[in-house]
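Visitor: Just to be clear, the model below is a prediction. Sequence and coordinates:
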Amino acid sequence: MASMTVDTAVEKDNLFIPLIDFSLFLHGTPTEKHSTALALLHGFQQAGFIYLKNHGIPRSQISTVFASSAAFFARPQPQKDSLAWYSPAANRGYTAHGREKVTQLADRADVAALRAAVPDLKESLEIGREGEPGMPNMWPDGFDGAGVAFRDTMLAFFDACKGLHGRVMRAVAVGLGIPEEWFDGFTDGGDNTLRLLHYPEVRPEVFRRADGLEQVRAGEHTDYGSITLLFQDDRGGLQVLSPNGNFIDAAPIPDTIVVNAGDLLARWSNDTIKSTKHRVVEPPPKAGEEVGDVYPARYSVAYFCNPNFDKFIDAIPGTYEETGKKYEGVNSGEYLVRRLAATY
Ligand SMILES: O=C(O)CCC(=O)C(=O)O
Ligand SMILES: [Fe+2]
C-alpha cells in the first residue's frame, strides 16, 4: 500500500497526536481513504486523541454556535439557574460553577470532598437528543443578540455532529478491517450530549493556592462514551496525559476539531483503543503576550458521542479473538448513566 505522511498536531514526551485530513477519507481515492482510516485508528490506539481538519462542519456554523454560547452564558445568573441540570439519566440543563467535579473517583464521598476543596472554574449547558420523553432540554427563552434562535442553532449543530460521529466511526471500522457500516446501527440514534462550556475570566493568583492543592479550570478525567468532538477557541489550556505520565498542551489549531476516544469505546475495543486522561489548566502565555490582571475567558464546545443507549456493547470483531475478551458486555445507556451518576 502507498505510504502517506501524516501531519502531527502534538509531538512531545512520547505523546503523538496526528492531524488527520478527513477529506481524504470522505472524498479521496480508495488508497487515500484506507490510509487515512488507518492513521485515524492508529491515533486512537496510540494517543487516544486525534485532530481532524477538513471535517465537513462549516466554519460559519461553528462560529454561530460559539457566539450563541457566549450570549447564553452572559445572561443573568437567575435565568441560567432556572434551567438547572436535573438528573444523571437525562443529563440536560445548566451546571453552575463548581457543581460537577469530573474525576476518576467513583466514590461519592470522595468526590464531594474533592469538589469542596478545588471546584472547577467553569459553567456548562448540556443538551441531549431533542424529544426524548420525560427528558426535556432546558432551552433558554427567545433569541440571542444577533437575532438567532438559540434552540435552532444548537439542534442543527447537534445533527451535524451526530453525522460526523457516524463518519468517524466508519473510519474506525475501515481501519479495523471490518465492514465500513459496522457501527452505523450504533450511531444512528443520536443518544449524544452537546455541552457548551464557559471558563470565566480568572485572576492568575487563583491558580496559586496557599493550601498547595492544584487549581485547574477542569479537573483531569476521561470521557465516558464512544468519542468526543471537542471544539476549542484560541485560548488554550487543554492538556492530555502522555504515556510518560505528564500533562502535555494540546494547543488549539485553527479549523480543527480535537477528537478523543472515551471509556466505552476503549472497553468495546478490548482496550486496543485508549481513553486518555485530559484536563484544562490556566492558559499558557502566548508569544509576546503580557500576563495581565486576568486570564481571559475560555469557551469550548464538547459533543459527547455514545453508542445508541439501547445497544449491547460487546467486544468489536477483530479486537479480541487472539487475546480473549477482557470485559463482560454491557448496555450502553446503563453504563453511561452509572458513570454520570458518580460525578454529580
Ligand atoms: O473544555 C475543554 O477543552 C475540555 C472539556 C472536557 O474535556 C470535557 O468537558 O469533558
Ligand atoms: Fe473531557
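Guide: Everything's here; your move. Keep in mind that what you see is a predicted model, and the values were worked out from it rather than measured. Ligands and ions are numbered 1, 2, ... in the order given.

Visitor: Look up how far residue 168 lies from the residue nearest to residue 235 when sequence neighbours are not counted.
Guide: Sequence neighbours aside, residue 298 is the residue nearest to residue 235 in space, at 4.1 Å (criterion: C-beta to C-beta, 6 or more residues apart in numbering). Backbone N, C-alpha and C define where each C-beta goes, glycine included. For residue 298, the distance to residue 168 equals 25 Å [C-beta to C-beta, to the nearest Å].

Visitor: Spell out which parts of the protein neighbour ligand 1.
Guide: 195, 197, 218, 223, 230, 232, 238, 278, 280, 300, 302 (C-beta under 6 Å from any ligand atom).

Visitor: Which one of those residues is nearest to residue 150?
Guide: Using C-beta to C-beta, residue 195 comes nearest to residue 150 of those, at 14.8 Å.

Visitor: secondary structure class for the closest one?
Guide: strand (DSSP: H, G, I helix; E, B strand; the rest coil).

Visitor: I figured it hits residue 301, correct?
Guide: Yes. Applying C-beta atoms under 8 Å, one finds residue 195 in contact with residue 301, separated by 7.1 Å.

Visitor: So between the two, which is more surrounded?
Guide: Set residue 195 next to residue 301 and count neighbours by other C-beta atoms under 10 Å: residue 301 wins out with 22 against 19.

Visitor: Correct me if wrong: residue 270 contacts residue 326.
Guide: Yes. If you go by C-beta under 8 Å, residue 270 and residue 326 touch, sitting 5.4 Å apart.

Visitor: which residues do these two both contact?
Guide: Common neighbours of residue 270 and residue 326 are listed as 315, 320 (criterion: C-beta atoms under 8 Å, 6 or more residues apart in numbering).

Visitor: Between those two, which has more neighbouring residues?
Guide: Using other C-beta under 10 Å, the more surrounded residue of residue 270 and residue 326 is residue 270, with 20 against 13.

Visitor: So that one versus residue 327, what's the distance?
Guide: Here the criterion is C-beta to C-beta. By it, residue 270 lies 7 Å from residue 327.

Visitor: Mind listing the shared neighbours of these two?
Guide: residue 315.

Visitor: what's near enough to touch the residue in the stretch 101-250 of the chain positioned nearest to ligand 1?
Guide: Closest approach of the stretch 101-250 of the chain to ligand 1 (C-beta to the nearest ligand atom) occurs at residue 238, with a separation of 4.3 Å. Shown in contact with residue 238 (C-beta under 8 Å, 6+ apart): 230, 232, 249-252, 258, 278-280, 300.

Visitor: Noted, bye for now.
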